[in-house]
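Visitor: Predicted model follows, preceded by the sequence.
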Amino acid sequence: MIERFLHGLREKMEDPADYEHMTVVVPGDLDPFDRHYRFSIHIDAELRLAGFGASTGGGTLYRNVDFESEEAGEDEVVSTILDVEATDVDGARALIRLHMPELGAPAGTLVQYGDHEDRFDGQQWHLGEPRSIEEI
């Protein structure tokens with residue numbers, strides 16, 4: 001029965017085969033489940049429906065943590081990461097810039113693509129700046 005409502009949507013549910021990788025960097029320590037339910041599922045749905053790509057996962061960016069050391073220490077979490085596979089980088093950037101503030105993204109949120117990033121200062125986006133974080 002539900003199949004009749006899915007006509008044309010099956011293709012949108014497949015991960016893109018030809019894409020450009022983008023990263024959305026959200027400052028602060030955010031639990032992976034919170035990241036997923038607060039940001040990823042919404043951005044993924046919007047990207048897929050618009051035909052701009054998909055949000056395919058994420059991670060956590062740590063600073064000065066030695067994962068090979070057996071000494072217990074305090075992990076310093078810098079930010080949480082959303083991975084995006086964009087089939088249309090400009091369209092994906094615009095969509096992400098629209099929805100991240102609506103979803104409660106804090107100041108300092110970055111949308112990274114190629115050698116550039118769009119930076120949210122809490123009020124507005126600053127577009128096409130050089131990357132401030134080189135390796136994620």
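Guide: Right, received. Where do you want to start? Numbering: from 1, shown residues only.
Visitor: nearest residue to residue 23 other than its sequence neighbours?
Guide: Once flanking residues are discounted, residue 23 sits nearest to residue 112: 4.4 Å by C-beta to C-beta, 6 or more residues apart in numbering. Glycine gets a C-beta too; all of them are placed from N, C-alpha and C.
Visitor: Could you do residue 132 as well?
Guide: Leaving aside its sequence neighbours, residue 132 sits nearest to residue 117 (C-beta to C-beta, 6+ apart; 6.6 Å).
Visitor: OK, contacts around the residue nearest to residue 23?
Guide: For residue 112, the contact set (C-beta atoms under 8 Å, 6 or more residues apart in numbering) comprises 22-25, 131, 133, 136.
Visitor: and it, what element?
Guide: In the assignment (DSSP states H and E), residue 112 maps to strand 110-113.
Visitor: Give me the next element, helix or strand, following that strand.
Guide: Following strand 110-113 in sequence order, the next helix or strand is strand 116-120 (DSSP H and E).
Visitor: What ranges does this structure have for its helices?
Guide: Listed in chain order, the helices of the chain (DSSP state H) span 32-35, 41-50, 89-102.
Visitor: Now do the end-to-end distance for stretch 108-120.
Guide: Stretch 108-120 has an end-to-end distance of 5 Å (criterion: C-alpha to C-alpha, to the nearest Å).
Visitor: For it, list every residue counted as buried.
Guide: With burial defined by 16 or more other C-beta atoms under 10 Å, the residues of stretch 108-120 counted as buried are 109-113, 117-120.
Visitor: pLDDT for those - can I get that in a markdown table?
Guide: Output for the buried residues of stretch 108-120, formatted as a markdown table (pLDDT from 0 to 100):
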| residue | pLDDT |
| --- | --- |
| 109 | 96 |
| 110 | 96 |
| 111 | 97 |
| 112 | 96 |
| 113 | 97 |
| 117 | 97 |
| 118 | 98 |
| 119 | 98 |
| 120 | 98 |
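Visitor: Turn the residues you listed into JSON lines, columns for distance to residue 55.
Guide: Listed next are those as JSON lines, based on distance: C-beta to C-beta, whole Å:
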{"residue": "109", "distance to residue 55": "14"}
{"residue": "110", "distance to residue 55": "15"}
{"residue": "111", "distance to residue 55": "12"}
{"residue": "112", "distance to residue 55": "14"}
{"residue": "113", "distance to residue 55": "14"}
{"residue": "117", "distance to residue 55": "17"}
{"residue": "118", "distance to residue 55": "16"}
{"residue": "119", "distance to residue 55": "19"}
{"residue": "120", "distance to residue 55": "17"}
